[in-house]
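Novice: Take this sequence and fold it.
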Amino acid sequence: MVNLSHYIGSDSILQNSGSFLNNVPYCLMRNVFRREKDRLRQLLAEGCLITGRISIFLIVFLLLDAKAIFAQHPFHEIRSRPVPDTGEICTLDPTDLNAFFYIGADPRIEAVMKQQASLFEVGYSTDLANPCSPAGWPQEAIEAFEYAMAIWSAHLHSTVPIRVQAIWRSIETEDGVTLGSAGPTRIVQIPGVGVPGTWYSVAQLTAMTGEPVREQLNDDLSFDIRVNINCSFGEWYFGRDASPSEGLIDFITVVLHEMGHGLGFIGSLAAKDEDESAFWGAGEPPVPFVFDRFVKDGSHNDMLNSSIYPNPSVALFQALTGRRGGLFLAGDEVRSTLAGDEEAGARLYTPQEYRRGSSYSHLDQETFSGSGNALMRPRIDRAFAIHTPGPVFCGLLRDTGWPLGEGCLIYLSPFASVKTDSDFLDFGVLPAGGQQDLRLFLENEFFADELLRIEAEMDGSGFELLTESEFTVPPGASVQMGVRFSPDEAGIRQSRLRLKHNAKNIPSPLWIELYGEALREQQVVQLDQSFPNPIVSSGSVPTLSYAIAKDSDVKLDLYTAEGRHVRSLVHERQTAGRYRLELDLSGLSSGVYIYRIVVNSSIESGKLLYFR
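Specialist: As a prediction, the model looks like this:
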């Protein structure tokens, strides 16, 4: 089965819709007209199932007729409903901790931000019921908000602008200071789009269909997302450099977080006010949010499995308050981004005391502290900034069907995969002044879809690269790297070859251990002292070690101290290298023994003492 998203660039398919193509030729999809790829992505998002071999005629037909098909979205059957007051859901509170943790926007993303227009149209307003000042939004706050929109624009893809209402207001809660809150203005279902029986944010369905969904609703909706920012908070840092000083809260990080909720990082699981039970879903009968469909408990049970979690139930409340091993985002793409326990998924925030506005619709506060996934935690530290959604959030976006931009695709795809035939190169034994060349095979595995980029560096002396230090390997191809050992004096040499790479399957750099030994110039053999010495018969087995500098006929024999031959140990032709031999002394009397090696015309010998 071929995932078409690998072939049409920065596009994402709703993986749960069954929208896959079998046996699509790579060259065909790579050369699809660029101006048509959005239409094809939209058709796939409709949930159409196409199986069997796809002919060029069929692909071209789909592309050329896409416009007519998309015009037939059954918007007359659309279902929508408002979400709770965004002043009370998905809140973000500050801590008193100075984290001194900073992650700025990826330089590659900053280049994309400069090249493309924002996906978002922002309307700035002031809540007249909670005004901070008649002047409304400060200019520096507007500029920081727009920078946050540019970051999100680089991580998502939509052919239709997403409209955001940004409200500058005073936010007061019973729990103290709240920096902001946000959510979608509507949750929506469109027949044939996405997973049936599932609520999506209006912004996500706009991106998936390529149509301004809000305009199809009968309630004069002007915005897709509503964001509230606390104007009465006086410790904001508005800079773009992701470096708030001690005591300050990074404004851009807060906006990125709140926008995340509006884009879909929001679930429906909540506690009832009147008893210790919880429920999920909106409407009658209750319908889950798409976020909910990717949540499992600590035993890998689906939260929506009514045989385990009746809706509503005390069992759901137990899960919501961390008593079922926790709750996890467990979609395939989310788990693929995790370096640790991929099977469980990304832990959600489920404290034992339920916290409205914080529980469930956030990543766990402790698990993701000090990481690249820290954005969607429920509380933000001071002297802390993170200007990226992070791999887990990007994985969730792909799991739920959001069309993705380059910022998220860096984490998810395309990718290279490096494979090598060895992590150790043994050059054997050489005479000083000699040289030995070995080859290391590197492969970019066939299922990869990006060039493998290698930067090689040598750590240590006596070894050198025979190939370029920087090169690329296409998917499915392999290369040979030449390494030479050329010792100038006797002794053992050890080094490491460091291979920095862009592959996603193993950490970078990849280390290759190098080992070589040199004898004195003109020396043919070196015989080492046996070990252990003396030898006690109770379980001790002596080892003889020797090295030869070239292919030779080797004879190794054991003698008594008087010169009587005891047994032959080696009598064969051997290649250059180091050899180790375990010596069987069973049946011998205590005493001194001589071991002697003859290599060509060179002779060396040693003694060992044996006690029975």
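Novice: From now on I want contacts and neighbour counts done on CA atoms only, so please keep to that.
Specialist: Fine.
Novice: Grab the CA positions of the helix of greatest length in the chain and hand them over as PDB.
Specialist: Determined from DSSP state H, the single longest helix within the chain is helix 139-155. What follows is helix 139-155 as a C-alpha-only set of coordinates in PDB (Å, rounded to 0.1, in the frame of the first residue of the first chain):
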ATOM      1  CA  GLN A 139       1.500  47.500  18.600                       C
ATOM      2  CA  GLU A 140       4.300  45.300  20.000                       C
ATOM      3  CA  ALA A 141       1.700  42.700  21.000                       C
ATOM      4  CA  ILE A 142       0.200  42.800  17.500                       C
ATOM      5  CA  GLU A 143       3.600  42.300  15.900                       C
ATOM      6  CA  ALA A 144       4.300  39.400  18.200                       C
ATOM      7  CA  PHE A 145       0.900  37.800  17.400                       C
ATOM      8  CA  GLU A 146       1.600  38.100  13.700                       C
ATOM      9  CA  TYR A 147       5.000  36.400  14.100                       C
ATOM     10  CA  ALA A 148       3.200  33.500  15.800                       C
ATOM     11  CA  MET A 149       0.800  33.300  12.900                       C
ATOM     12  CA  ALA A 150       3.800  33.100  10.500                       C
ATOM     13  CA  ILE A 151       5.200  30.200  12.500                       C
ATOM     14  CA  TRP A 152       1.900  28.300  12.300                       C
ATOM     15  CA  SER A 153       1.600  29.100   8.600                       C
ATOM     16  CA  ALA A 154       4.900  27.300   8.000                       C
ATOM     17  CA  HIS A 155       3.600  24.200   9.700                       C
END
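Novice: Just the angle for the helix or strand following it relative to helix 139-155, thanks.
Specialist: Moving toward the C-terminus from helix 139-155, the next helix or strand (DSSP states H and E) is strand 162-169. Counting by axes from the mean of the first three to the mean of the last three C-alpha atoms, to 10 degrees, strand 162-169 lies at 150 degrees to helix 139-155.
Novice: buried stuff in strand 162-169?
Specialist: Ile162, Arg163, Val164, Gln165, Ala166, Ile167, Trp168, Arg169 (16 or more other C-alpha atoms under 10 Å).
Novice: May I have that strand exported as CSV, CA atoms only?
Specialist: C-alpha atoms of strand 162-169 as CSV (Å, rounded to 0.1, in the frame of the first residue of the first chain):
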residue,chain,number,x,y,z
ILE,A,162,-8.2,30.7,8.4
ARG,A,163,-9.8,33.7,10.2
VAL,A,164,-8.8,34.3,13.8
GLN,A,165,-10.5,36.7,16.3
ALA,A,166,-7.9,37.9,18.8
ILE,A,167,-9.4,39.5,21.9
TRP,A,168,-7.4,41.7,24.2
ARG,A,169,-9.2,41.3,27.5
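Novice: Give me the contacts around that strand.
Specialist: Residues outside strand 162-169 that contact it (C-alpha atoms under 8 Å, 6 or more residues apart in numbering): 119-127, 130-132, 136-137, 203, 206, 222-232.
Novice: Pull up the pairing partners for that strand, direction included.
Specialist: Note on strand 162-169: by DSSP bridges, its sheet partners are strand 120-126 (parallel), strand 225-230 (parallel).
Novice: and the last one, how far from the chain's centre?
Specialist: On the basis of C-alpha atoms, centre = their mean, to the nearest Å, strand 225-230 is displaced by 30 Å from the centre of the chain it belongs to.
Novice: and whichever helix or strand comes after that strand, what other elements does it pack with?
Specialist: As assigned by DSSP H and E, the chain's next helix or strand after strand 225-230 is strand 236-237. Packed against strand 236-237 by the contact rule (3 or more C-alpha pairs under 8 Å, 6 or more residues apart in numbering; DSSP states H and E) you find strand 249-250.
Novice: Need the mean per-residue confidence for whichever helix or strand comes after the strand it packs on.
Specialist: Going down the chain from strand 249-250, the next helix or strand is helix 251-263, by DSSP H and E. The pLDDT scores in helix 251-263 average 97.
Novice: Report all helices and strands that helix 251-263 contacts.
Specialist: strand 91-103, helix 139-155, strand 180-184, helix 202-209, strand 225-230, strand 379-386.
Novice: Tell me what angle the last one forms with strand 91-103.
Specialist: Meaning strand 379-386. Interaxial angle of strand 379-386 relative to strand 91-103 (the same axes, to 10 degrees): 30 degrees.
Novice: Show residues contacting strand 379-386.
Specialist: If you take C-alpha under 8 Å, 6+ apart as the criterion, strand 379-386 is touched by 92-105, 242-250, 252-253, 365, 372, 374-375.
Novice: List the strands paired with that strand, with their directions.
Specialist: Partners of strand 379-386 in its sheet, by DSSP bridges: strand 91-103 (parallel).
Novice: Output the strands paired with strand 162-169 in JSON lines; the columns should cover mean pLDDT and distance to Phe328.
Specialist: Below are the strands paired with strand 162-169 laid out as JSON lines (pLDDT from 0 to 100; distance: least, C-alpha to C-alpha, whole Å):
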{"stretch": "strand 120-126", "mean pLDDT": "95", "distance to Phe328": "30"}
{"stretch": "strand 225-230", "mean pLDDT": "95", "distance to Phe328": "25"}
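Novice: Need these in a markdown table (columns: distance to Ala150 and mean neighbour count).
Specialist: Putting the strands paired with strand 162-169 into a markdown table (distance: least, C-alpha to C-alpha, whole Å; neighbours: other C-alpha atoms under 10 Å) gives the following:
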| stretch | distance to Ala150 | mean neighbour count |
| --- | --- | --- |
| strand 120-126 | 8 | 16 |
| strand 225-230 | 16 | 24 |
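Novice: Could you tell me how many residues sit around Arg580?
Specialist: 12 (other C-alpha atoms under 10 Å).
Novice: pLDDT value on it, please?
Specialist: Reading off the model, Arg580 has pLDDT 94.
Novice: check which helix or strand covers it.
Specialist: Assessed by DSSP H and E, Arg580 sits inside strand 577-582.
Novice: Same question for Glu468.
Specialist: Here Glu468 is assigned to no helix or strand, by DSSP H and E.
Novice: other SSEs contacting the helix or strand just after the strand holding Arg580?
Specialist: Helices and strands here follow DSSP H and E; after strand 577-582, the next one along the chain is strand 591-599. The elements that strand 591-599 packs onto, with contact taken as 3+ C-alpha pairs under 8 Å, 6+ apart, are strand 552-560, strand 602-611.
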